[in-house]
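>>> sequence and predicted model, in that order:
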Amino acid sequence: MASKALSLTLYNLMLPLGLVFMLPGAIVKMRRRNGRWQDLAQRFGFFPRETQAAINALPQRERFWVHAVSVGEVGVAKKLINRLLKTHADLGIVLSTTTPTGHALAAELAAQHAGRMVAIFSPVDLPGVGRLMLERIQPTQLVLVEAEVWPNLTASATRLGIPVSLVNARLSPRSARRYQKFRTLIGPIFGMLKQVLVQEPEDVARWQGFGLDADQVHLTGSIKYDPEGAVVPAIKLEELHMVRALAGISETQPTLLAASTHAGEEIELARVFQRLRQHVRDLALLIVPRHVERRAEIAAALQSIGISPALRSVPNSRVDPSAPVLLIDTTGELAAWQHLATLVVVGKSFLAEGGQNPAEAALAQKPVLFGPHMENFTPLVELLLKHGGAQQVADFTELESACRTLLQNPQKAACMAQSGHNALKTHEGATLRSAERLLQGLRVS
């Protein structure tokens, strides 16, 4: 196996090329997602004066730097942070994110924990940048969420004696096979981690396959699938009930929700919706795209088949009663919207590979359906299907048939919803177990 120094050298030789290649796309995404040029300075370790002051004001005896990339990872971080702050009264937390949408959610969370938490943008993983941010933040532990093992940042923390933990670690069979091809180079980077907290029993062997010792890999379960912290505030649900009512969709209307959709899926799901309306006359459709910056593209596609959607972002925007479709073009509300649905269809599972997370719908006790491509969630899919808590379909034709059956048989739909919720109880306590692992060894006050 290569040495850590060799792995870092090769990584840093390739990194500038990768950054140049990704830069144009990153700038486009930043602008589409309302990113600001002035935030770039943070990515090189330079904070605005008020941000640095807020960091300095955090409890110094114990201070965690938690990193989460975007909206999904921030959702995991939120549950973990709430538990950490509740458990340890003298802990301060800095939460870094990569995307503007993720940062917006992180800032909301920081406002709820004013004086104990600060939200920042994550650094570019160039040599020296991570060390500069570590010196400015002065964390006692670095916590990476799910898959964010950045070589330079991890190495800098290790050199400074700061333990690095990877929480809610995910490694699909496909990713494991791909990584194994580069095990010689990747192994030394993973070896710098103090601990890896994994979601599934199968993940233990996969991570140990990269040379990690048994005492570095711990099975905690999935924070994302843990019922803890999954309750949506009543005030948020009331707000969305009002939005839906003002758009012209009543509380009694059966509602099909398309969650985290990707390109091409919206129009196909809308066609399914149109055909279902022939049998379920008052059916409404909520579309929550994975990337809200696609709103214009999605609206145009829907209009091409005779649907004029209302927009969540436009006050008093109303649906067409003949085809009531509401496009949710805001971020951070998917979990709440799923509570208002009758059925939930998971996106990125029909026309692309990987799928999206079906756990939030199951936690909301809703029947869940998804297409053939759920590769990134194989253990969860198997768990839900085993317990009858979800249904997987081969294509949109089969989806239409399955939705029709569930819409016309509320008892069957309720049974599937309850089974899905019960299945996730295998992950109950994952947030607490992860927090306890991170808090082990803290200095006694």
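Okay, I see it. Numbering: from 1, shown residues only.
>>> please, which helix or strand holds L95?
strand 91-97 (DSSP states H and E).
>>> tell me the helices in the stretch 51-200 of the chain, going along the chain?
Ranges of helices within the stretch 51-200 of the chain are 71-87, 100-112, 129-137, 151-159, 173-180, 183-190, based on DSSP state H, counting those that start in this stretch.
>>> where among these is the average confidence lowest?
Per-stretch mean pLDDT for these is lowest at helix 173-180 (a mean of 76).
>>> buried stuff in it?
Using 16 or more other C-beta atoms under 10 Å as the test for burial, helix 173-180 gives 176, 179. Glycine gets a C-beta too; all of them are placed from N, C-alpha and C.
>>> now for the strand holding L95, which elements pack on it?
Strand 91-97 sits against strand 62-67, helix 71-87, helix 100-112, strand 117-121, with contacts defined as 3 or more C-beta pairs under 8 Å, 6 or more residues apart in numbering; DSSP states H and E.
>>> how near is I249 to A417?
Distance, I249 to A417, using C-beta to C-beta, to the nearest Å: 20 Å.
>>> what's the answer for M242, then?
As judged by C-beta to C-beta, M242 and A417 stand 24 Å apart.
>>> is it true that T220 touches L438?
No - counting by C-beta atoms under 8 Å, L438 is not a contact partner of T220; they are 10.1 Å apart.
>>> hey, what's in contact with both of those two?
V167 (C-beta atoms under 8 Å, 6 or more residues apart in numbering).
>>> follow-up on the earlier one: how far does the strand holding L95 sit from its chain's centre?
Relative to its chain's centre, strand 91-97 lies at 17 Å (C-alpha atoms, centre = their mean, to the nearest Å).
>>> on that earlier part again, make CSV out of the helices and strands packed on strand 91-97 and add distance to E428.
Listed next are the helices and strands packed on strand 91-97 as CSV, based on distance: least, C-beta to C-beta, whole Å:
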stretch, distance to E428
strand 62-67, 22
helix 71-87, 12
helix 100-112, 23
strand 117-121, 25
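>>> can you pull the contacts of I186?
With contact set as C-beta under 8 Å, 6+ apart, I186 has these partners: 7, 179, 210.
>>> need these in CSV (columns: distance to A259).
Below are the contacts of I186 laid out as CSV (distance: C-beta to C-beta, whole Å):
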residue, distance to A259
S7, 38
Y179, 29
F210, 33
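>>> any idea which of the residues you listed is closest to G161?
Of all the contacts of I186, G161 sits closest to S7, with 20.3 Å by C-beta to C-beta.
>>> and stretch 320-329, how far out from the chain middle?
26 Å.
>>> please apply the same query to stretch 54-69.
21 Å.
>>> one more: stretch 218-231?
That offset, for stretch 218-231, works out to 13 Å (C-alpha atoms, centre = their mean).
>>> quick one on the thing from earlier: the helices of the stretch 51-200 of the chain: which one's closest to V368?
Evaluated over the helices of the stretch 51-200 of the chain, closeness to V368 peaks at helix 71-87, with 16.7 Å, by C-beta to C-beta.
>>> for that closest one, list every residue counted as buried.
71-85.
>>> residues in contact with stretch 191-198: which ones?
For stretch 191-198, the surrounding residues in contact (C-beta under 8 Å, 6+ apart) are 4, 149, 154-155, 158, 163-171, 190, 204, 207, 210-212, 216-220, 433-434, 437.
>>> check stretch 297-309 too.
Contacts for stretch 297-309 (C-beta under 8 Å, 6+ apart): 263, 266-267, 270-271, 274, 287, 289, 311, 319-320, 323, 325-327.
>>> and the residues you listed, which is closest to H427?
P289 (26.9 Å).
>>> neighbours of T184, how many?
Using other C-beta atoms under 10 Å, T184 has 13 other residues around it.
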